[in-house]
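In: have a look at this fold, sequence not included:
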């Protein structure tokens, strides 16, 4: 029986270097030059909407329209149940900085198996991990009197848990058991999008297109995906950017805000979408009051003090220990039988025989596997803040355990029970730079999460608020 050890840890680390997490992609690894505090600020909103393709073609056959007009039609389709709001991400930061939002699920699956004997499942001996979910990265930079936008969107889905690799597995598997999964990758980018440093995503050459120039406040269709495979929906990806003059930070070290507070709340997806749909709405400062009377659920409430070393780390995590290697559990049977040892005297010689004791796996008698190696993963919240000139460079990570995937079963009486499982972790990340100046609760990011079992939660969003004092 697998044992999960949970140990709670909450702490504030001042001036400590951030531990590298191999399960988190860092697309801002190529650090930008220090951004001046008076650089204009920008907000990006990204929306994934699933539309009935027949409804979309009907609209196009009637003349269609601009991307803004298509989005207005999509709003009506969502209200009428002919489209589904799948995912919304919102990021903010100064011009010239890569802004990043990620919502991923770490899916482990078997890549090698060995025979399990008659009446037993093949036994998995090697595993790999694939990141599923949504990611979005964008940057606005000045180009003369215009502003160019570089961006990248990425979506990876598991289409099916895969094909059973043995007839016995096909007959005795349970719904959701994981074997040879099939993945679908949807990706689009424009401009010099940095390569993703993700050990669990196949590395491909990033396209290098001419960056696009967008009109502020207008919605643009950044991606349209209709694969015609196992879904009756067309995925439309819309984006909109807003700009405003920046608030100057504080260069005097003695005047910088030192008390850092973070609150993460869960709200209804539709309520957030209504706020984001308002034309020209700069929601970073207004979101806190806008959601004051809206039903919400507190997910995290953290606070720490920024020391003179100008680095702050806050952790609120639990240690989750889980097995990563097993020894197959087999019942052995000992039999005695006559075995020919040797022959003497050539072809006509007399064979020498004796009773030999033979130890063999019992046919169809496999017991539950025994775990022999373990690893530990911290689940919870991480906040890392570093002073850069007159700006605060902020990163917030959240890791949650969503359940376990089953990779092997053994027969126990009339039942086939799971004995080799792997944890499924969900990860979300918000990155931004903001002026080092005191402020009340300010929205710094919007992201999604996964339900227990791994399905994206289309009904709710997570709002990240920061307060500097």
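Out: That came in fine, so what should we check first? It should be emphasised that the depicted structure is a prediction, and the values quoted were computed from it without experimental measurement. Numbers count the residues shown, from 1 in each chain.

In: what segments of the stretch 151-300 of the chain are helices?
Out: 167-172, 269-277, 287-290 (DSSP state H, counting those that start in this stretch).

In: quick one: closest of these to residue 255.
Out: Among these, the nearest to residue 255 by Cβ to Cβ is helix 287-290 (23.8 Å). C-beta coordinates here come from the backbone N, C-alpha and C atoms, glycine included.

In: so which elements touch that closest one?
Out: Under the contact criterion of 3 or more Cβ pairs under 8 Å, 6 or more residues apart in numbering; DSSP states H and E, helix 287-290 touches strand 439-447, strand 460-468.

In: specify the beta-bridge partners of residue 378.
Out: residue 319 (DSSP bridges).

In: shouldn't it be in contact with residue 318?
Out: Yes - assessed by Cβ atoms under 8 Å, residue 378 is found in contact with residue 318 at 7.2 Å.

In: what's the mean pLDDT across the helix ranked longest in the chain?
Out: The helix that spans the most residues within the chain, counting by DSSP state H, is helix 67-79. Across helix 67-79, the average pLDDT comes to 92.

In: nearest spatial neighbour of residue 105, skipping sequence neighbours?
Out: residue 132 (4.5 Å; Cβ to Cβ, 6 or more residues apart in numbering).

In: so what's the one you found up against?
Out: For residue 132, the contacting residues are 104, 105, 106, 107, 156, 157, 158, 183, 454, by Cβ atoms under 8 Å, 6 or more residues apart in numbering.

In: element containing the second one?
Out: This means residue 105. Using DSSP states H and E, residue 105 falls within strand 99-114.

In: relative to strand 439-447, how tilted is that strand?
Out: 40 degrees (axes from the mean of the first three to the mean of the last three Cα atoms, to 10 degrees).

In: partners of strand 99-114 in the sheet?
Out: strand 123-143 (antiparallel), strand 415-435 (antiparallel).

In: ranking the ones you listed by burial, who's on top?
Out: Using mean count of other Cβ atoms under 10 Å, the stretch among the strands paired with strand 99-114 with the greatest mean number of neighbours is strand 415-435 (a mean of 21).

In: and the longest helix of the chain, how far out from the chain middle?
Out: 28 Å (Cα atoms, centre = their mean, to the nearest Å).

In: got the angle for that helix vs helix 269-277?
Out: 160 degrees.

In: so what does helix 67-79 touch, helix or strand wise?
Out: Secondary-structure packing of helix 67-79 (3+ Cβ pairs under 8 Å, 6+ apart): strand 41-51, helix 53-61, strand 83-94, strand 219-225, strand 234-244.

In: residue 325 is nearest to which of those?
Out: For the helices and strands packed on helix 67-79, proximity to residue 325 was assessed by Cβ to Cβ; strand 83-94 is nearest, at 35.6 Å.

In: so what strands line up beside that closest one?
Out: With DSSP bridges as the test, strand 83-94 pairs up with strand 41-51 (antiparallel), strand 439-447 (antiparallel).

In: in it, what's buried?
Out: Buried positions in strand 83-94, judged by neighbour count with 16 or more other Cβ atoms under 10 Å: 83, 85, 86, 87, 88, 89, 90, 91, 92, 93, 94.

In: so what's the first one bridging to?
Out: Counting by DSSP bridges, residue 83 is bridged to residue 51.

In: residues touching it, list them.
Out: So residue 83 contacts 49, 50, 51, 52, 55, 74, 77 (Cβ under 8 Å, 6+ apart).

In: residue 325 falls within a helix, correct?
Out: No - Residue 325: not assigned to a helix; according to DSSP: H, G, I helix; E, B strand; the rest coil it is strand.

In: what residues are bridge-paired with residue 140?
Out: residue 149.

In: ok, it - contacts?
Out: Per Cβ under 8 Å, 6+ apart, neighbours of residue 140: 42, 95, 96, 147, 148, 149, 241, 243.

In: for the chain, what are the low-confidence residue spans?
Out: 1-39, 144-146, 191-214, 227-231, 245-254, 279-281, 330-366 (pLDDT under 70).

In: for residue 137, find the nearest of the helices of the stretch 151-300 of the chain.
Out: Short answer: helix 269-277, nearest of the helices of the stretch 151-300 of the chain by Cβ to Cβ, at 19.0 Å.
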